[in-house]
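J.: Give me the fold of what follows.
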Amino acid sequence: MTSRTRAAALSAVLVLITLPAAPGAAAADATPWTAVPAPAGAKGPTTEDRSAFYLEGAPGTVLQDKLSVVNPGDRPRTVELRATGPWVALATARVTVPPRTRADVPLTVTVPVGTGPGRHAAAVVATGEGRLLRVPLAVRVGGPALSALSVEHVRVSGTGGAAVIRYSLVNRGNTALAPRLALRAEGLFGEVLSRPASGVPAELLPGRSVRLTEKWPDAPRLDRVRVRVTATTPDGIRAAASGAYTPLPWLGPALAGAAALAAAGATVRLVRRRKARS
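T.: Residues are numbered from 1 along each chain as shown. All right, here's what the predicted structure looks like:
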């Protein structure tokens, strides 16, 4: 969105609508100001109106709405306004509302190009005279959903009771995922680990990654193990990765050397037997 287009969208900075006079001046002056999504027409907000903004659009679109700041009292009131989301722009950061008047402040929501589909949350916050109101704002972005997940950098550090499995979980799609993870390890003599992972986030947002650790107090001390981490989601997305673990680095070469010596010894014995027969 260009600066000229944005300025045009916010050009109607303020619309003032006079409200009906309150029954008693003292009661009206004691009534606090409110901030809600603007109702249709010239009527004041009621309990039947919206309590939150809900907008929907495709990536690259500009959505518009209005916030109503209502002053039912008998004196002017000044309210500060701000938005929590980077997509939201208000026509003004401060509004002074005359007595018994409603001020409608335009706002725009610019959905960036390339935004993935789904629900995105923000809010408009109004403060003044020791009062703070937060008006929720939700934007639903349309488009094709892509679910993609990966498990990366699986490794095990420490030995024995101090062993820890470390790995990363990455959401590479454009939808939020609720993954479940399982850990499995196979050694030279069979399975040595099989259990669900702990500490997995309930939801992994698009583009986000987390580094996770899992204590393995009963890790084998004399074995060569391959640890595999498998992630699945309720909608069938699956990803896995594995890493090797040798608690004693010299164990592999030692076993290989022993096997080589055994093979060499068997060869020498075979040669001697053939010579003895000839």
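
J.: What are the buried residues along stretch 179-192?
T.: For stretch 179-192, a neighbour-count test (16 or more other C-beta atoms under 10 Å) marks 179, 181, 183-187, 192 as buried. For every residue, glycine as well, the C-beta is placed using N, CA and C.

J.: For it, what is the spacing between the initial and final residues?
T.: 24 Å (C-alpha to C-alpha, to the nearest Å).

J.: now do stretch 161-178
T.: Using C-alpha to C-alpha, the span of stretch 161-178 from its first residue to its last is 30 Å.

J.: Mind telling me the two of the buried residues of stretch 179-192 farthest from one another?
T.: 179 and 187 (26.2 Å; C-beta to C-beta).

J.: And stretch 128-143, what's buried?
T.: Buried, per 16+ other C-beta under 10 Å, within stretch 128-143: 128, 133, 135, 137, 139, 141.

J.: what is the mean pLDDT for that stretch?
T.: Stretch 128-143 comes out with an average pLDDT of 93.

J.: What of stretch 261-272?
T.: Average pLDDT, stretch 261-272: 72.

J.: What are the contacting residues of it?
T.: By C-beta atoms under 8 Å, 6 or more residues apart in numbering, no surrounding residue is in contact with stretch 261-272.

J.: Next: stretch 153-172.
T.: Applying C-beta under 8 Å, 6+ apart, the external contacts of stretch 153-172 come out as 148-152, 177, 179, 181, 183, 200, 204-219, 221, 225, 227-229, 231, 241-243, 245, 247-248.

J.: Can you check the distance spanned by it, start to finish?
T.: Rule used - C-alpha to C-alpha; the end-to-end distance of stretch 153-172 is 15 Å.

J.: next one: that stretch to chain centre, how far?
T.: Centre-to-centre, stretch 153-172 and its host chain are 22 Å apart (C-alpha atoms, centre = their mean, to the nearest Å).

J.: Use 45 as the first number for this chain going forward.
T.: All set: I'll call the first residue 45, so the last point we hit is now stretch 197-216.

J.: Buried residues, it. List them.
T.: Buried residues in stretch 197-216, counted by 16+ other C-beta under 10 Å: 198, 200, 207, 209, 211, 213-215.

J.: any idea which of these is closest to residue 158?
T.: Distance to residue 158 across the buried residues of stretch 197-216 (C-beta to C-beta) is lowest for residue 215, with 15.9 Å.

J.: Need the buried residues of stretch 172-187 in JSON lines (columns: secondary structure and distance to residue 313).
T.: As requested, the buried residues of stretch 172-187 are exported to JSON lines (DSSP: H, G, I helix; E, B strand; the rest coil; distance: C-beta to C-beta, whole Å):
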{"residue": "172", "secondary structure": "strand", "distance to residue 313": "96"}
{"residue": "177", "secondary structure": "strand", "distance to residue 313": "91"}
{"residue": "179", "secondary structure": "strand", "distance to residue 313": "88"}
{"residue": "181", "secondary structure": "strand", "distance to residue 313": "83"}
{"residue": "183", "secondary structure": "strand", "distance to residue 313": "79"}
{"residue": "185", "secondary structure": "strand", "distance to residue 313": "75"}
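
J.: got the residues you listed as CSV, with distance to residue 75 columns?
T.: Output for the buried residues of stretch 172-187, formatted as CSV (distance: C-beta to C-beta, whole Å):
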residue, distance to residue 75
172, 14
177, 14
179, 19
181, 25
183, 32
185, 38
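
J.: Show me what stretch 168-178 is in contact with.
T.: By C-beta under 8 Å, 6+ apart, stretch 168-178 touches 76-79, 97, 111, 113, 121-128, 132, 134, 151, 167, 179, 181.

J.: mind listing the helices in the stretch 45-194 of the chain by residue range?
T.: 47-53, 69-74 (DSSP state H, counting those that start in this stretch).

J.: ok, of these, where does mean pLDDT dip lowest?
T.: Comparing mean pLDDT over the helices of the stretch 45-194 of the chain, the weakest stretch is helix 47-53, at a mean of 47.

J.: excluding its backbone neighbours, what's nearest the residue most central in space within the chain?
T.: Centroid-nearest residue in the chain, with C-alpha atoms, centre = their mean: residue 249, separated by 3.1 Å. Take residue 249 and drop its neighbours on the chain: the residue closest to it by C-beta to C-beta, 6 or more residues apart in numbering is residue 220, 5.3 Å away.

J.: Quick check: nearest residue in space to residue 141, chain neighbours excluded?
T.: residue 115 (3.9 Å).
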